[in-house]
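*Asks:* fold the following for me, if possible:
(2 chains)
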Amino acid sequence: MTRAGRWFGRNLVMMVAIVVLLYLFAPIVVVMLMSFNEPKSKLSYTFDGFTWDNWQHPCRPFGMCDAVSTSLRIGLLATVIATALGTLMAFAMVRHQFRGRSATNLFIFLPMASPEIVLGSSLLALFVSSGFGGQLGFWTILIAHVMFCMSFVVVTVKARLAGMDTRMEQAAMDLYANEWQTYWRITFPLVFPGILAAALLSFSLSFDDFIITNLNAGTTVTFPMYVWGSAQREIPPQINVVGTAMFLLALLLVVGGELTRRRRTR
Amino acid sequence: MSAVGQLGATTATPAPPSEPKSGRRLTAYLLLLPGGLFLLLFFVIPLVTLLAASLYDPNGSIENGFSMTWHWQNFIDTMSDYARPFGRSLWYALLTTAICLLLGYPLAYAIAIKSGRWKNLMLALVIAPFFTSFLIRTLSWKLLLSDNGFVVDALKWLHILGPDGRLLATTSAVVTGLTYNFLPFMVLPLYASLERIDKRLLEAGGDLFAGPFTTFRKITLPLSMPGVIAGTLLTFIPAAGDYINAQLLGTPKQRMIGNDIQRLFAAGAYPTAAALSVTLMAAIVVLVLIYIRRAGTEDLV
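*Replies:* Below you'll find the model as predicted:
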């Protein structure tokens, strides 16, 4: 084989990987680009001209910012509740021996393994048949979101707990710390990154959910529902502003987190 | 950021057994109680209700209420009416899973084994799409695949697509969108299981005169099977129930079962919609069980 041929052989996987990454990124680039779009007609979804206008007036499309704020409120509440309940369950699963453990494991895994349309329709069936069919809205969405976020929290926190060295806690106990002190001084700080990751995951799952929400929302409109609705009529370029802003914010969080982590380990 | 990474890692591995601490059983039950109750109330009971609703008299309406008539006929009726979108959903999900595996494996392999100091960056890039709403991203595929977009132009220039060929509103568009949406769910568990492989095993393969291809076939691939199984399931299941890609990128000809379930629920035809939903869930459970049996891994959870 020639030298070029060998280089090619060695780096083939990497090149394929980079192409696949480009595939993953193409739509994000489009979203960013379209946030500066000045559409000629209301229905057009092509890049017609550059403008700063959408970023200066993000709330111009009627109802969009209300939808964003609804999604933020539901996302925050669902995250807090799901993270609290899920973390408790994760502690039980990893730190305690009890009967029915593998059944519980399966029970927690099942919501993640069910298609969203089934989860959403079964909740709707429950709400309707128990007489809450007329009250679909904020609270029913919140319940749905807590339900599907919880399993993801359990799994994420469980992973962190399972990888933890229990000798740290034993050492604390040997040094006459009581259980409570051990928990708050040792266990909690060590699990905290896992809990934080679980909370971030919950929030992004909740903020992004459409299929389950759409079935249980009644007349309440979340941001994904707003996007869906506008896709049937006209697509305001401002939704791309929200998309880009979310992306940049998350990126900032990640990069910031990584930098603090590096500084700490140094 | 590592949230999804950890998720991938854990779906692939059972948690290692921890220190047994008996005698604190009560605490365990107390910790499980609130979350367990919530799941019972809003996951298990709804599923039972859905099953019940699928047996209601289909002649009822929201205004007059539905009566329980054990109408098993619902299942036969829906299956004869919706067999095509149903089969299409499973077919699209299968195609999506296969393409995701084909694209995701090299990517996961590159990140886990070849990336060196770029590992964290590449992982972050895989997770990054999650940061913007997937609906908006799916909408942008509409632009990328549009009739005068550069993808269509390029394919026409290469004569892969005929002069009147188009991508938007075809099966390819729907499958492209589905693949795009669920690719990270394939890559992360694959990465998690590839990452855990002891690299010395790969060197040993080389030392024993196995070519790179044999090493891959005999060592890497078998050791990454838990990731393959977790990844294919995490792709197949949500893809089978999706209707967003079919709606935004396809036409009624690409309608999937999710479209029908959603439409029927919105129209208030609960018994039919519930029967379809139950059938979908049952089909998935059966397929997954057969698959896991065949693949020989039962400790997936």
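*Asks:* so in chain B, which helix runs the longest?
*Replies:* The longest helix of chain B (DSSP state H) is helix B:73-109.
*Asks:* which positions in that helix come out as buried?
*Replies:* The neighbour-count check on helix B:73-109 (16 or more other Cβ atoms under 10 Å in any protein chain shown) flags B:74-75, B:78, B:82, B:85-86, B:88-90, B:92-97, B:99-101, B:103-109 as buried. No exception for glycine: its C-beta is placed from N, CA and C like everyone else's.
*Asks:* off-centre distance for the helix or strand containing residue B:27?
*Replies:* For residue B:27, the enclosing helix or strand under DSSP states H and E is helix B:25-39. The chain centroid and the centroid of helix B:25-39 are separated by 29 Å under Cα atoms, centre = their mean, to the nearest Å.
*Asks:* need the next SSE after that helix, C-terminal direction.
*Replies:* Taking DSSP H and E, what comes next after helix B:25-39 is helix B:45-53.
*Asks:* ok so, going back, please see if the longest helix of chain B touches chain A.
*Replies:* Yes. Legend: contact between helix B:73-109 and chain A by Cβ under 8 Å from any Cβ of the partner chain is shown at B:103-104, B:106-107, B:109.
*Asks:* of those, which is the nearest to residue A:117?
*Replies:* Nearest to residue A:117 out of the residues of helix B:73-109 next to chain A is residue B:104 (Cβ to Cβ; 23.7 Å).
*Asks:* and the residue nearest to that closest one when sequence neighbours are not counted, what pLDDT?
*Replies:* Of all residues not flanking residue B:104 in the chain, residue B:186 sits nearest, at 3.8 Å (Cβ to Cβ, 6 or more residues apart in numbering or on different chains). Looking at residue B:186, its pLDDT is 93.
*Asks:* am I right that residue B:186 sits in a helix?
*Replies:* Yes. Residue B:186 sits within a helix when classified using DSSP: H, G, I helix; E, B strand; the rest coil.
*Asks:* let me see the contact set for it.
*Replies:* B:97, B:100-101, B:103-104, B:108, B:231-232, B:234-235 (Cβ atoms under 8 Å, 6 or more residues apart in numbering or on different chains).
*Asks:* residue A:159: which of those residues is nearest?
*Replies:* Closest to residue A:159, out of all of these and judged by Cβ to Cβ, is residue B:234, at 15.5 Å.
*Asks:* hang on, isn't the closest one packed against residue B:187?
*Replies:* No. Using Cβ atoms under 8 Å, residue B:234 is not in contact with residue B:187, being 10.2 Å away.
*Asks:* mind checking which of those two has more residues around it?
*Replies:* Neighbour totals were compared for residue B:234 and residue B:187, and residue B:187 leads with 32 against 24 (other Cβ atoms under 10 Å in any protein chain shown).
*Asks:* the more buried one against residue B:104, yeah?
*Replies:* Yes. If you go by Cβ under 8 Å, residue B:187 and residue B:104 touch, sitting 4.5 Å apart.
*Asks:* intersection of neighbour lists for these two?
*Replies:* Counting by Cβ under 8 Å, 6+ apart, the common neighbours of residue B:187 and residue B:104 are residue B:231.
*Asks:* the nearest residue to residue B:58 once chain neighbours are set aside and residue B:55, how far apart?
*Replies:* Nearest non-adjacent residue to residue B:58, counting by Cβ to Cβ, 6+ apart: residue B:271, 4.4 Å away. When distance is defined by Cβ to Cβ, to the nearest Å, residue B:271 is 7 Å away from residue B:55.
*Asks:* show me which of these two is the more surrounded one.
*Replies:* Remark: of residue B:271 and residue B:55, residue B:271 carries more neighbours, 25 against 20, as counted by other Cβ under 10 Å.
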